[in-house]
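> coords below, sequence missing:
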């Protein structure tokens, strides 16, 4: 009998706690409907639509450096599909030319290397498209030959 009373007390206490937490949750979520209150509760809402500078990124990322990314599309000059032709960024394989064009995400300082294993078939690879924030290499820059071919290091402004 005594054990049953203790279980009833614990059950009632747990239910009251759940109800109280539910009410607090609903009240906090309701604060977002008050104008300008959501920006005080959430940093992402406060910064929405504003460009971030490096200092803000470091502050919100707890010291993790954030580098803007850009996109480069490489294309074969010849109208071919050569899956053996591999592309590396900073020594890591990132793709091949299964299709005529390959799009890559790059960051400042990356070096793009194209490896052509066919010694009898020199190929030309050029930059067909790039995002406007990339200053080097230039659009339509190309490498030609066999073996390892390197583009200039990526420079992002």
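Here it is on my side, so go on. These numbers were taken from a predicted model, which means no experiment stands behind them. Residues are numbered from 1 along each chain as shown.

> model confidence over stretch 135-143, on average?
For stretch 135-143, the mean per-residue pLDDT is 86.

> So which elements touch the strand or helix carrying residue 16?
Taking DSSP states H and E as the criterion, residue 16 maps to helix 2-31. On a contact count with 3 or more CB pairs under 8 Å, 6 or more residues apart in numbering; DSSP states H and E, helix 2-31 meets helix 38-41. Every residue, glycine included, has its C-beta placed from N, CA and C.

> Quick check: buried residues in the helix it packs on?
With burial defined by 16 or more other CB atoms under 10 Å, not one residue of helix 38-41 is counted as buried.

> Then stretch 86-105?
Residues of stretch 86-105 classed as buried: 86-89, 94, 96-97, 102, 104 (neighbour count, 16+ other CB under 10 Å).

> Out of the residues you listed, the closest to residue 114 would be?
For the buried residues of stretch 86-105, the residue nearest residue 114 by CB to CB is residue 87; the value is 5.5 Å.

> Please tell me the pLDDT value assigned to residue 60.
If you check residue 60, the pLDDT there is 55.

> rewinding a little: possible to save the buried residues of stretch 86-105 as a markdown table with pLDDT?
Output for these, formatted as a markdown table (pLDDT from 0 to 100):
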| residue | pLDDT |
| --- | --- |
| 86 | 88 |
| 87 | 90 |
| 88 | 91 |
| 89 | 89 |
| 94 | 89 |
| 96 | 87 |
| 97 | 84 |
| 102 | 87 |
| 104 | 88 |
